[in-house]
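Chemist: my questions are about this predicted structure, shown below with the sequence.
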Amino acid sequence: MAVACAIVGLDPIQRDWIEALKQAHETDWFKIAVVGERNLSLAREVGQIFDVPFYGDLRRMLLETTPQMVLLDRPADMSLDFVEACLQQNIGILSLGPPVQTLEEAHRLSLHLQPKTHLLYTAPQFSGSWGYGQAHQTENFFQAVQFLRGDWSAANHAVARLRAVQYGAVRSLSVLAWDAFRTTIEVLGLPAALYASINGGSGQQDNFTDVTGDVGVVMKTLEGATAVMQLSDQEGSLRREISVANREGRVKLSEFSYRWTSARDKLTEEDSTAPTTYVAQALRELENFCRHFTAAPSPHRGWPHLLPETAAMMTAMIVSHRTGMAESPQHFRGLNR
């Protein structure tokens, strides 16, 4: 049976997701049921793209329609109440970027979820890419990691409009930072110290979703491993790469390739696959979510949401930029509990 989907917050500049949703709408496993927005004119614009009913009142939308899932690109003026209401009704959420805006919201939303859940998936997620998946199958690549370097870049919506970037745009730098920090946690665990410098907007108060510009981040774990991240929402279409080193050697990963060299810089193993379009990547994320969402309960169903951990790193990034000092994501993780 087709999964009935509500679309909320999707900006028409995200042509990859617009086209992927149109393709999925023509299948027997997915249908677009309704569009909801806080802004009626935007709801009408997106609703007309898919030729489905639209609502300018999200509460009324949930009362009058019965979506099974929501494709959510959460705008700054949306309350967490809507997200919580969906989860309370077992409505799944595929979130384009962070579903939360603050550390407090992350703790609050995690109360509605098991640590591993089929009800929430945040895209993009580098750990779901072909390159990461292939490298992760080889245990020695990610054992006793000493150093991690990452590079995440894309155009935010404003830059995408200015430069006519139609595919692979993101709402803001927070989308890139959330994915990069989640990847760091998966490889190294939650860092003990983080230093960040932001060349751009650093957000208001403790809200991290409107951070924009170019960011450099240096992190260190209690075990002595170091991670360095470069993030920018001022470039073109989404691009992500990491390099991970340990005593055995170094693996360089992109979404579609990996290359492992020994400690003596001898090529040991490499592989790649043909890059797919941004539309195909969006469609794959959608299919992956629907497959887990409709699957029978099992230990393999769903994903760790890592909400408090990732939000703690986002908060540490903002605070470090403002104080000019290293901050502790582990400390922030313990707040608001």
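Modeler: Cool, got the structure. Owing to the predicted nature of the structure, the values given are computational and were not obtained by experimental measurement. Numbers count the residues shown, from 1 in each chain.

Chemist: residue contacts, Phe93?
Modeler: Quick fix: residue 93 is Ile, not Phe. Applying Cβ atoms under 8 Å, 6 or more residues apart in numbering, we find Ile93 in contact with Met69, Val70, Leu72, Val83, Cys86, Leu87, Pro99, Leu119, Leu120, Tyr121. No exception for glycine: its C-beta is placed from N, CA and C like everyone else's.

Chemist: helix, strand, or coil at it?
Modeler: Of the three states, Ile93 takes strand under DSSP: H, G, I helix; E, B strand; the rest coil.

Chemist: which residues of the stretch 101-250 of the chain fall in helices?
Modeler: 103-110, 130-136, 157-163, 173-188 (DSSP state H, counting those that start in this stretch).

Chemist: go through those helices and find the least confident stretch.
Modeler: Mean pLDDT values for those show the minimum at helix 130-136, a mean of 89.

Chemist: which residues are contacting that helix?
Modeler: Contact partners of helix 130-136, identified using Cβ under 8 Å, 6+ apart, comprise 126-127, 141-142, 183, 251, 253-258, 260, 271-273.

Chemist: next, the angle from the longest strand seen in the chain to helix 173-188.
Modeler: Longest strand in the chain, counting residues (DSSP state E): strand 234-246. Using axes from the mean of the first three to the mean of the last three Cα atoms, to 10 degrees, the inter-axis angle of strand 234-246 relative to helix 173-188 is 10 degrees.

Chemist: buried residues of strand 234-246, list them for me.
Modeler: Neighbour counts over strand 234-246 (16 or more other Cβ atoms under 10 Å) mark Gln234, Glu235, Ser237, Leu238, Arg240, Glu241, Ile242, Val244, Ala245, Asn246 as buried.

Chemist: and if you look at stretch 183-191?
Modeler: Quick answer for stretch 183-191 (16+ other Cβ under 10 Å): Thr183, Thr184, Ile185, Glu186, Val187, Leu188, Leu190, Pro191.

Chemist: could you export it as PDB, CA atoms only?
Modeler: C-alpha atoms of stretch 183-191 as PDB (Å, rounded to 0.1, in the frame of the first residue of the first chain):
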ATOM      1  CA  THR A 183      29.400  11.600  10.900                       C
ATOM      2  CA  THR A 184      32.000  12.700  13.400                       C
ATOM      3  CA  ILE A 185      30.000  11.100  16.200                       C
ATOM      4  CA  GLU A 186      29.600   7.900  14.300                       C
ATOM      5  CA  VAL A 187      33.400   7.600  13.600                       C
ATOM      6  CA  LEU A 188      34.900   9.100  16.800                       C
ATOM      7  CA  GLY A 189      32.100   9.400  19.300                       C
ATOM      8  CA  LEU A 190      31.200  12.700  20.900                       C
ATOM      9  CA  PRO A 191      34.200  15.000  21.100                       C
END
